[in-house]
Structure formats: C-alpha cells, structure tokens
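**Q** I would like the atomic coordinates for the input below:
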Amino acid sequence: MQRRALLAAMGGLAAAPALAQPQAWPSRPIRLIIPYPPGGATDTLARPFAERMRARLGQAVVIENRGGAATTIGMEAAARAAPDGYTLVMNADNIAYFPLLYRRLPYDLFRDFVAVSNIASTGLVLAINPRLPANDLQEFVALLKREPDRYAFANPSLGAPHHLGYELFAREAGVKMLQVEYRGGGPALNDVLAGHAHLGVFSLGAVSQHFQSGTLRPLAILSPRRSAIAPDVPTTAEAGLPRVLSAINFMLFAPAATPPEVIASLNAACLAVMEESALREQLTRAGFEVMTSTPDEAMAILRAERDRWAPILAGLNLNLD
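**A** Coordinates of the predicted model:
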C-alpha cells in the first residue's frame, strides 16, 4: 500500500511540469479593437480580414468598435490590455503624428505598441465639382491663381490625411483657397457634389463611382502610381506636382510587451491571409491596395510619416486638444 502511494505521489510530481506548461497561442478568441464607429474605412477593411484570420488561426477574431476622441478611446484600451496576443488594434498610420496635434494623449505609439504588419493602403485623390472650368490639375491651378480666394476646399477634419494632402498641394502649387470645415468625409463630399465647395481630397474607394457617373471630376491621385480602380486618373507626378503624395496605411498593432514569438506568428498569419486572391479582389473593389510588411518595416513607415508631416504641422500650428 505504501509503495503504491509513493509511486502515485512520484507520478503526480512527474506530471506537474507538464501541467504547468503554458497553452499554445492562440487558445481562445482574439479581440480586435477598431477605434472608429462601424462603417468607416478601417471597419470595412477589418471585417473580412478578421474572418480570414479566424480561419488561419483557428480562433475567433472578435471586432470591438471603440470609436471616439480621435481614436484615443480605442488606442488607450489596447495600450492597457494584457500583452498576451489576445488584444490587437487596427488603425491608420496618421496616428504617428498625433502627438503633434494632441498634447495630452494617454498613450505613446512608439512606447506602448508594436506594429504587427502593414495591412493595406488606400489612395487619396484631388477631385472637383465638374461644373468648374478646369479639366485637369494644371488648369485648376491656373484657375486658382487667376481668381485667388474665390474657391473653397472642403476640409473633412483638421489634421486628417485629407487635410494635410490639401495643404501639401497648396504649398507645392503656390495657391490658396478658402477652407470650410466639416464633421467627416460624407458632408464634405456632399457639398462638393452640390457645388457649395469646389475641391475635396477623398479616399479613392469612397468616390470612384462618382468619377464613373460624371458627378465628380478627378484631378490626380496623391500616390506614386495609378490605382487599379481608377486607372484613368493620373498621379500627381504625371500632373506636374511630384512631391504631393499622401495615402493612408492601415496597420495592425499589439501592446508593446507582447511576446516576440506571438508577434511573429501574427505577422506570418497576416501575410498569408492578405495573399488570398478572393480577399485581395474584394479589397481592391473597395479601394484598398494590399500592402503587407514585417513589424520593423511597419514601424519605419510610422516614423517616416511622423517626420514627413512635422514641418507642415508646425506651419499650421494646430492644437486639437
């Protein structure tokens, strides 16, 4: 009896280390925070991405929309989450220059997060009301110089990539327009369509149907190459303003102390998912271009965006707190 008890105890001790081993990641659902309300560009990208990540990882990827305060609510929630690979956040790369706009952010992007991968990009396009007497970008610039301060730019949000794309255009072209501020891209687009404002900078996927119907006239895409969904729209370089470049990169982030092996697994899953032809076709139709990266490459993109826009933001002297 004593011998059996001793063997049982020894067996229990032998089994203890195996019981103490951590479970392989992922062993439960993953939360993907989208720091915007449902229906926007980030949400539109995240939903098919999350579904395919579920199939790749074998665990549900549950989207949690936590919009508000210029994405601060969602980003702060992600920064404070346990760094265990079960909380992720998707956001656009313009958050890299948020410290130049918001002085009291409750998180530090480069301290509190690690980028998992760049996921996709969407081009921005300069477009005008088609009733204006300008058929291309050079004619529009000439119009603005002949009649300064007569025409208005529909600004969807101070400090947004659309706004900074306009500021870069105005600086490079040597023109000035009135600026009308709106609460989002939808109202800005509606006023350009109606002729109450004259120029907008829009996400390409949001306005390509208006190019086809003739209700909006594209002047140039603010990208180094033409887009597959609007192949007839010239780039700014082709239109004579090669330094006017602005796009929105969407990235996946995890809390900074997430184990490197989990980040590597997530990155590998992202790259595999974004190579799926059906997903690439779906995103192309929605105005996205698939652009994946390593974590280091994604962080380099963020630093480059911060440094590129710093001089323009300093000149604008914006403080959005």
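
**Q** which strand is the longest one in the chain?
**A** In the chain, with assignment by DSSP state E, the single longest strand is strand 113-128.

**Q** please identify the buried residues of the helix or strand just after it?
**A** Toward the C-terminus, strand 113-128 is succeeded by helix 137-146 as the next helix or strand (DSSP states H and E). By 16 or more other CB atoms under 10 Å, the buried positions in helix 137-146 come out as L137, F140, V141, L143, L144. Backbone N, C-alpha and C define where each C-beta goes, glycine included.

**Q** what of stretch 241-259?
**A** So for stretch 241-259, counting by 16+ other CB under 10 Å, buried means 241, 244-255, 258.

**Q** out of these, which are inside strands?
**A** A247, I248, N249, F250, M251, L252, F253, A254, P255.

**Q** now for the residues you listed: which two are most distant?
**A** Spatially, the most separated pair among these is A247 and P255, at 26.4 Å (CB to CB).

**Q** in a strand, that's where G200 is, yeah?
**A** Yes - G200 forms part of a strand when assessed by DSSP: H, G, I helix; E, B strand; the rest coil.

**Q** tell me the pLDDT of it.
**A** pLDDT, G200: 98.

**Q** which other helices and strands does the lengthiest helix in the chain contact?
**A** The residue-count maximum for a helix in the chain (DSSP state H) belongs to helix 295-316. For helix 295-316, the packing partners by 3 or more CB pairs under 8 Å, 6 or more residues apart in numbering; DSSP states H and E come out as helix 109-112, strand 113-128, helix 161-173, strand 247-255.

**Q** the inter-axis angle of the last one versus helix 161-173?
**A** In other words, strand 247-255. Per axes from the mean of the first three to the mean of the last three CA atoms, to 10 degrees, the angle that strand 247-255 makes with helix 161-173 is 140 degrees.

**Q** in three-state terms, label I33 for me.
**A** Following three-state DSSP, the label given to I33 is strand.

**Q** look up how far M251 lies from the nearest residue to R103 once chain neighbours are set aside.
**A** Leaving out its chain neighbours, the residue that sits closest to R103 by CB to CB, 6 or more residues apart in numbering is D321, at 5.4 Å. Separation of D321 from M251 (CB to CB, to the nearest Å): 24 Å.

**Q** again with S293
**A** From S293 to M251 the distance is 8 Å (CB to CB).

**Q** follow-up on the earlier one: nearest to R54, of the helices and strands packed on helix 295-316?
**A** Here strand 247-255 is closest among the helices and strands packed on helix 295-316 (CB to CB), at 14.4 Å.

**Q** report the distance from the closest one to the chain centre.
**A** Remark: strand 247-255 is offset 6 Å from the chain centroid, using CA atoms, centre = their mean, to the nearest Å.

**Q** direction included, what does that strand pair against?
**A** strand 87-92 (antiparallel), strand 113-128 (antiparallel) (DSSP bridges).

**Q** and the angle from the first one to helix 295-316?
**A** Same thing as strand 87-92. Using the same axes, to 10 degrees: strand 87-92 against helix 295-316 is 50 degrees.

**Q** got the buried residues for stretch 148-157?
**A** Y151, A152, F153, A154, N155, P156, S157.

**Q** what mean pLDDT does it have?
**A** pLDDT averaged over stretch 148-157 gives 94.

**Q** what does it rub up against?
**A** 132, 143-144, 162-163, 166, 175-185, 187-189, 191-192, 196-201 (CB atoms under 8 Å, 6 or more residues apart in numbering).

**Q** again, 6 Å this time
**A** For stretch 148-157, the external contacting residues (CB atoms under 6 Å, 6 or more residues apart in numbering) are 162-163, 166, 176-182, 184-185, 188, 191-192, 197-200.

**Q** end to end, how far does that stretch reach?
**A** End-to-end span of stretch 148-157 (CA to CA, to the nearest Å): 23 Å.

**Q** please report the distance of the residue nearest to G58 when sequence neighbours are not counted from V62.
**A** Nearest non-adjacent residue to G58, counting by CB to CB, 6+ apart: P26, 7.3 Å away. P26 sits 12 Å away from V62, going by CB to CB.

**Q** contact partners for the spatially closest residue to L320 that is not a sequence neighbour?
**A** Once flanking residues are discounted, L320 sits nearest to L101: 4.8 Å by CB to CB, 6+ apart. Listed by CB under 6 Å, 6+ apart, the contact set of L101 reads G159, L318, L320.
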